[in-house]
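Engineer: Predicted model follows, preceded by the sequence.
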Amino acid sequence: MLTGMEIVKGILVVLHLLCFGAMLGITIAQFKPAAKGKGVIPNGLIHCAWGLLITGAGLIGTVYAAGGAPNNLKIAVKLLVLIAIIVLLFVLKKKQPVKPAGLGAVAALLVVNVALAVLWA
């Protein structure tokens with residue numbers, strides 16, 4: 001039987017993955033309009049980035065609450081990548097229309113963040 005903390009952690013993991021998927025999907029969907037000079041940074045993209053930050057913090061909290069010790073170096077590196085994504089999104093939002101290179105940078109940073117999560121044991 002699952003404990004309350006395991007249920008909370010599971011919900012946070014699902015929300016975290018949904019935010020990553022939505023961000024990557026929205027970013028990829030903007031490549032075609034960006035190639036035509038009409039690319040934008042939708043508010044949903046920024047909301048998903050904040051969602052990643054909030055759910056990530058919640059996941060760290062569940063590890064501490066369960067008596068564990070998370071890898072603080074990994075968390076710090078992932079946080080720096082996420083901050084870079086958020087800053088880049090705000091910069092790109094002010095410089096609309098967005099160029100494909102800007103969207104490529106967002107997508108690359110997202111993939112780096114996922115790779116860090118999965119490959120850094």
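Structural biologist: That came through fine. Computed from a predicted model, the values in this text were never measured in an experiment.

Engineer: Mind listing what's buried along the helix or strand containing residue 93?
Structural biologist: Here residue 93, judged by DSSP states H and E, is contained in helix 72-94. Under the neighbour-count criterion of 16 or more other C-beta atoms under 10 Å, helix 72-94 has 75, 78, 81, 82, 85, 86, 88, 89, 92, 93 buried. C-beta coordinates here come from the backbone N, C-alpha and C atoms, glycine included.

Engineer: Could you point out which of those residues is nearest to residue 112?
Structural biologist: Looking at the buried residues of helix 72-94 and their distance to residue 112, the nearest is residue 81, at 5.8 Å (C-beta to C-beta).

Engineer: Assess the claim that the closest one and residue 112 are in contact.
Structural biologist: Yes. Between residue 81 and residue 112 there is a contact under C-beta atoms under 8 Å: 5.8 Å.

Engineer: Surely residue 69 is within a helix?
Structural biologist: No. Looking at residue 69 with DSSP: H, G, I helix; E, B strand; the rest coil, it is coil, so not inside a helix.

Engineer: In CSV, list the C-alpha atoms belonging to the helix holding residue 93.
Structural biologist: Extracted in CSV, the C-alpha atoms of helix 72-94 (Å, rounded to 0.1, in the frame of the first residue of the first chain):
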residue,chain,number,x,y,z
ASN,A,72,22.3,18.7,-4.1
LEU,A,73,24.8,19.2,-6.8
LYS,A,74,22.5,17.6,-9.4
ILE,A,75,19.6,19.8,-8.1
ALA,A,76,21.8,22.9,-8.3
VAL,A,77,22.8,22.2,-11.9
LYS,A,78,19.2,21.4,-13.0
LEU,A,79,18.1,24.6,-11.3
LEU,A,80,20.7,26.7,-13.1
VAL,A,81,19.6,25.1,-16.4
LEU,A,82,15.9,25.9,-15.6
ILE,A,83,16.8,29.5,-14.6
ALA,A,84,18.6,29.8,-18.0
ILE,A,85,15.4,28.6,-19.7
ILE,A,86,13.2,31.0,-17.8
VAL,A,87,15.5,34.0,-18.5
LEU,A,88,15.7,33.0,-22.2
LEU,A,89,11.9,32.8,-22.4
PHE,A,90,11.5,36.3,-21.0
VAL,A,91,14.2,37.7,-23.3
LEU,A,92,12.6,36.0,-26.3
LYS,A,93,9.1,37.2,-25.3
LYS,A,94,10.3,40.8,-25.4
